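Novice: dropping a prediction and its sequence here:
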Amino acid sequence: LALHALTLHPPRSDRVLIKELSLTLKPGDALLITGDSGCGKSSLLRAIAGLWQTGSGTIHHPPQEACFFLPQRPYLQPGTLRSQLIYPSTHSSLSDAQLLAILAQVHLPRLAERVGGLDAVCDWGKLLSVGEQQRLAFGRVLVHAPEIVILDEATSALDSANEAALYGGLRARGTTLI
């Protein structure tokens, strides 16, 4: 992943959020972006993910399917627990046992049992706490195994032990984290 002379500003505004940022990340690297509220951290992450187009400069990254963006509040569509795990895909070659193992890896080992199985349909936004939603979103990362994961406060509702375990698992796979 490489950024060259990246400058970002809000739509219809002359305010500069990021000015001429250049950097290169090798596979397996990790980058932590910090700063005050409103300084442009989320805008930078969205630009890297290809979700923000307002600005100039160049972003080079693997094909879009090799990148995965996790927001603070994961999108939970209507459907089954299985569909939540494999999102944004609609089909997966993973077996039920593999999906259940992924739930265990993200510290949701009894979720399927609790809701009635992988094919149970629930109001996920109401049923799951924000922390459970964030862990489920990490399950999506394990399902898709992208090269690069871009996280925008994706562990804000997790305790430090869960956060460390989830990040450690991705780092052990050689995933580039931003």
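Specialist: That came through, no problem.

Novice: what about the strands in this structure?
Specialist: 2-8, 18-24, 55-60, 67-70, 148-151, 176-177 (DSSP state E).

Novice: just give the nearest non-adjacent residue to the spatially most central residue of the chain, would you?
Specialist: Nearest to the geometric centre of the chain sits residue 70, at 2.1 Å (Cα atoms, centre = their mean). Leaving aside its sequence neighbours, residue 70 sits nearest to residue 154 (Cβ to Cβ, 6 or more residues apart in numbering; 3.9 Å). Just so you know, the C-beta spots here come from the backbone N, C-alpha and C atoms, and that holds for glycine as well.

Novice: hang on, that neighbour packs against residue 72?
Specialist: Yes - counting by Cβ atoms under 8 Å, residue 154 does reach residue 72; the two are 6.3 Å apart.

Novice: ok so, going back, the residue nearest to the centre of the chain bridge partners, please.
Specialist: Counting by DSSP bridges, residue 70 forms beta bridges with residue 151.

Novice: give the buried residues for the longest helix along the chain.
Specialist: When the chain is parsed with DSSP state H, its longest helix is helix 130-144. Neighbour counts over helix 130-144 (16 or more other Cβ atoms under 10 Å) mark 131-144 as buried.

Novice: OK, contacts around residue 58?
Specialist: Going by Cβ atoms under 8 Å, 6 or more residues apart in numbering, residue 58 touches 2-6.

Novice: beta partners of it?
Specialist: Beta-bridge partners of residue 58, as defined by DSSP bridges: residue 4.

Novice: tell me the pLDDT of it.
Specialist: pLDDT for residue 58: 95.

Novice: give the contact list for the residue nearest to residue 68 when sequence neighbours are not counted.
Specialist: Nearest in space to residue 68, with sequence neighbours left out and distances taken as Cβ to Cβ, 6+ apart, is residue 146 at 4.0 Å. Counting by Cβ under 8 Å, 6+ apart, residue 146 makes contact with 65-68, 175.

Novice: and those residues, which is closest to residue 85?
Specialist: residue 68 (13.3 Å; Cβ to Cβ).

Novice: next, count neighbours for residue 153.
Specialist: Each residue near residue 153 was counted by other Cβ atoms under 10 Å, and the total is 14.

Novice: ok, residue 49 next?
Specialist: Count around residue 49 with other Cβ under 10 Å applied: 21.
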